[in-house]
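**Student:** Sequence and predicted structure are below.
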Amino acid sequence: MDEIMKRGNTRKFKDGKDAPVADEAVETLLRAAMQARTAGNQTPWHFIVVRNEALIKALAHNSMTAGPVRKAPVVLVLLGDERGLSFPESWTMDLAAAAENILIEAEHLGLGTQWISVYPHADRIRHIRSLFDLPLEVTPFCIIPVGYPADRPIRLNHFDASRIHYDTF
Ligand SMILES: Cc1cc2nc3c(=O)[nH]c(=O)nc-3n(C[C@H](O)[C@H](O)[C@H](O)COP(=O)(O)O)c2cc1C
């Protein structure tokens, strides 16, 4: 609960040379991702771990809000694979659950993150498909820059009692 309440979006990262993100930490994030529930346990995901600077620069141009990616030492690209799914309409929900697990585990490890949308924007999807030469059945879902925060993330409290309904709407 603490990680959920205190987490925030990181838009500025410490330089990866001064504050590197260890491979073990990245693996921990991906273990958290793959613990997410999925429809019929279909686990429709793949993850690309990007450390290559040229690729990170390219990802930072994926959309108007992808700028924070540029300074991140590691970027995770979450992909949905629609091949052989029992519940093809659910893959985006599965990927969202995995993404949220990554963000919460990152907070636990003291790492900053941001959720940058790719799906459902056709232009963003096309850009990442061509960057990584993805098959058409594999759709990029979001990109998550990961690094140690250079500034204190903004922490918003979204609790709104008026959105809770008891036995009626
Ligand atoms: C489905 C989804 C898509 C999002 N897409 C973006 C995005 O493209 N760029 C971005 O900067 N933040 C994105 N975010 C982060 C939200 O803007 C952010 O969580 C929201 O403004 C609330 O702020 P907080 O996370 O600091 O509480 C996205 C979050 C979700 C769940």
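**Tutor:** Noted; the coordinates are in hand. Residues are numbered from 1 along each chain as shown.
**Student:** Which stretches in this protein count as helices?
**Tutor:** 2-6, 23-34, 53-60, 91-108, 122-132 (DSSP state H).
**Student:** rank these by mean pLDDT and give me the bottom one.
**Tutor:** Looking at these, the lowest mean pLDDT belongs to helix 2-6 (a mean of 78).
**Student:** What residues sit buried inside that helix?
**Tutor:** Neighbour counts over helix 2-6 (16 or more other C-beta atoms under 10 Å) mark no residue as buried. Where you see a C-beta, it was placed from the backbone N, CA and C, and this is true even at glycine.
**Student:** Can you pull the residues of the protein lying near the ligand?
**Tutor:** Contact residues (C-beta under 6 Å from any ligand atom) of the chain with the ligand: Gly8, Asn9, Thr65, Gln114, Trp115, Ile116, Ser117, Ile154, Leu156.
**Student:** Contact partners for Thr38?
**Tutor:** Contacts for Thr38 were tallied using C-beta atoms under 8 Å, 6 or more residues apart in numbering; they are Pro44, Ser90, Asp94, Ala97, Ala98.
**Student:** Name all residues that make contact with the fourth one.
**Tutor:** Listed by C-beta under 8 Å, 6+ apart, the contact partners of Ala97 are Ala36, Arg37, Thr38.
**Student:** hmm, 10 Å instead?
**Tutor:** Ala97 is in contact with Ala33, Gln35, Ala36, Arg37, Thr38, Ala39, Trp45, counting by C-beta atoms under 10 Å, 6 or more residues apart in numbering.
**Student:** Next: the first one.
**Tutor:** If a contact means C-beta under 10 Å, 6+ apart, then Pro44 has 38, 79-88, 90-95, 98, 138-139, 141 as its contacts.
**Student:** rewinding a little: most tightly surrounded among the helices of the chain?
**Tutor:** Ranked by mean neighbour count, the helices of the chain are led by helix 91-108 with a mean of 20 (mean count of other C-beta atoms under 10 Å).
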